[in-house]
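Participant: With the input below, show me the fold.
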Amino acid sequence: MAKHLILGQKGEDIAARYLEQHGYVVLDRNWRSGHKELDLVVRKENIVVFVEVKTRSGTDYGDPWNFVDNRKIRRIVNSADAYIRFRCIDLDVRFDIVSITVENGDFKVEHIEEAFFPPIE
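Facilitator: The predicted structure follows:
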């Protein structure tokens, strides 16, 4: 497996563990439907949270969360819509980003709640 894929998988593991430690229940990891994909789907109380995990080995090119652009947001929202329909979810939803940076072998986790809202089209 390529080095960047291994780092991404490690980041998703760390993000899931971090969220569980903060009271979230992981519903799905790497959920796919056709070309649609969601990193993590978690629940806390009556809110389903769609979490995009971004992991980078440094910040030379910016913080990991900076790589969630408008195109990526539209893809996440479309995937979340498919997930909601597939699972028949009738709860509030939220979109978060967990940004993970490797610094001197340590993983720094930043959880950004309500990182973005679905765009109006």
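Participant: residue contacts, the closest residue to residue 110 other than its chain neighbours?
Facilitator: Excluding the flanking residues, the one nearest residue 110 by Cβ to Cβ, 6 or more residues apart in numbering is residue 99, at 4.4 Å. C-betas here are computed from N, CA, C, even on glycine. Going by Cβ atoms under 8 Å, 6 or more residues apart in numbering, residue 99 touches 54, 63-65, 109-112.
Participant: Let's see that with 10 Å instead.
Facilitator: 11, 15, 52-56, 59, 63-68, 108-112, 115 (Cβ atoms under 10 Å, 6 or more residues apart in numbering).
Participant: Nearest the geometric middle of the protein, what residue?
Facilitator: The centroid of the chain falls nearest to residue 52 when counting by Cα atoms, centre = their mean (1.8 Å).
Participant: For it, list each beta-bridge partner.
Facilitator: With DSSP bridges as the criterion, residue 52 is bridged to residue 97.
Participant: Roughly how far does it sit from residue 104?
Facilitator: 25 Å (Cβ to Cβ, to the nearest Å).
Participant: And for this protein, the residue most distant from the center?
Facilitator: Centroid-distance maximum for the chain: residue 104 at 23.5 Å, with Cα atoms, centre = their mean.
Participant: Name all residues that make contact with it.
Facilitator: For residue 104, the contact set (Cβ under 10 Å, 6+ apart) is empty.
Participant: for the protein, what spans make up the helices?
Facilitator: Here the chain has its helices, by DSSP state H, at 3-21, 70-87.
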